[in-house]
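**Q** A predicted structure for the sequence below; I have some questions about it.
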Amino acid sequence: MARYTGPKTKISRMFGEPILGNGKWLGKNSNPPGQHGAQRKRKTLGEYALQLREKQKAKYTYGILEKQFRKTFDEAARRKGVTGENLIKLLEARLDNAIFRMGIAPSRPAARQLVSHKHIEVNGDVLNIPSYQLKPGDVVTIKEGSKGRESITSVVRAKNPKFNWLDFNETEFKGTFITYPERESVPENIKEQLIVELYSK
């Protein structure tokens, strides 16, 4: 199962924002990573560097490596509408991301682990594919046999009301993917148009 397993704080310092983890070290040390990070000034990036940076930020945020990210982009380009917005919608519709948004898991990596270890059901069927694309109306639940595990149920929290494209009942451990989100509803600081420009070269 391909995923980024390196240092998370280093990535947050690279982008200057807490895209992985809670970013508690950014206030203490917001310099770029590396031995000479404190002496290096953040350079003004060129057009290509800015585009590449946004792609990298999106990949790290959603926990996807290059091959899978490119496949998601190609699918977004095939769909009707604005390609950049379609990309964000497809990333938000991933099963691991939806579990994180619903409040079943405290982070996307934790959500990915729940799916991989077969603790999650979609429409009554156990799935172990974190990248599974949810469709409007799909019902996500914690598997019946896993509801007794305190390590799983103790971290479940109420869904953030801002995520109005999802519904979740924390007492029944049951959620619904209502619809694809509008771009303005997704809080991630990603300039998706730069990604579109990069792949259009």
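**A** Here it is on my side, so go on.

**Q** let me see the domain layout of this protein.
**A** Domains of the chain are assigned by automatic domain parsing as 8-90+189-199, 95-179.

**Q** export those domains to CSV and tack on mean neighbour count and mean pLDDT?
**A** For glycine as for every other residue, the C-beta is placed from the backbone atoms N, C-alpha and C. Putting the domains of the chain into CSV (neighbours: other C-beta atoms under 10 Å; pLDDT from 0 to 100) gives the following:
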stretch, mean neighbour count, mean pLDDT
domain 8-90+189-199, 16, 82
domain 95-179, 17, 94
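
**Q** my guess is H119 contacts V140. True?
**A** No - under the criterion of C-beta atoms under 8 Å, H119 makes no contact with V140, lying 11.1 Å away.

**Q** nearest spatial neighbour of the residue nearest the centre of the chain, skipping sequence neighbours?
**A** Compute the mean C-alpha point of the chain, and by C-alpha atoms, centre = their mean the closest residue is Y62, 2.9 Å away. Nearest non-adjacent residue to Y62, counting by C-beta to C-beta, 6 or more residues apart in numbering: L91, 5.0 Å away.

**Q** which elements pack onto the helix or strand containing that neighbour?
**A** Element membership for L91 (DSSP states H and E) is helix 83-92. Applying 3 or more C-beta pairs under 8 Å, 6 or more residues apart in numbering; DSSP states H and E, we find helix 83-92 packed against helix 47-62, helix 66-78, helix 95-102, helix 192-199.

**Q** and those: which comes nearest S154?
**A** Relative to S154, the nearest member of the helices and strands packed on helix 83-92 by C-beta to C-beta is helix 95-102, separated by 15.5 Å.

**Q** and that closest one, what does it pack onto?
**A** Partner elements for helix 95-102 (3+ C-beta pairs under 8 Å, 6+ apart): helix 83-92, helix 108-116, strand 120-122, strand 139-142, strand 166-169, strand 174-177.

**Q** and with 10 Å instead?
**A** helix 47-62, helix 83-92, helix 108-116, strand 120-122, strand 139-142, strand 166-169, strand 174-177 (3 or more C-beta pairs under 10 Å, 6 or more residues apart in numbering; DSSP states H and E).

**Q** among the ones you listed, which comes closest to I99?
**A** The nearest among the helices and strands packed on helix 95-102, by C-beta to C-beta, is helix 108-116 at 3.9 Å.
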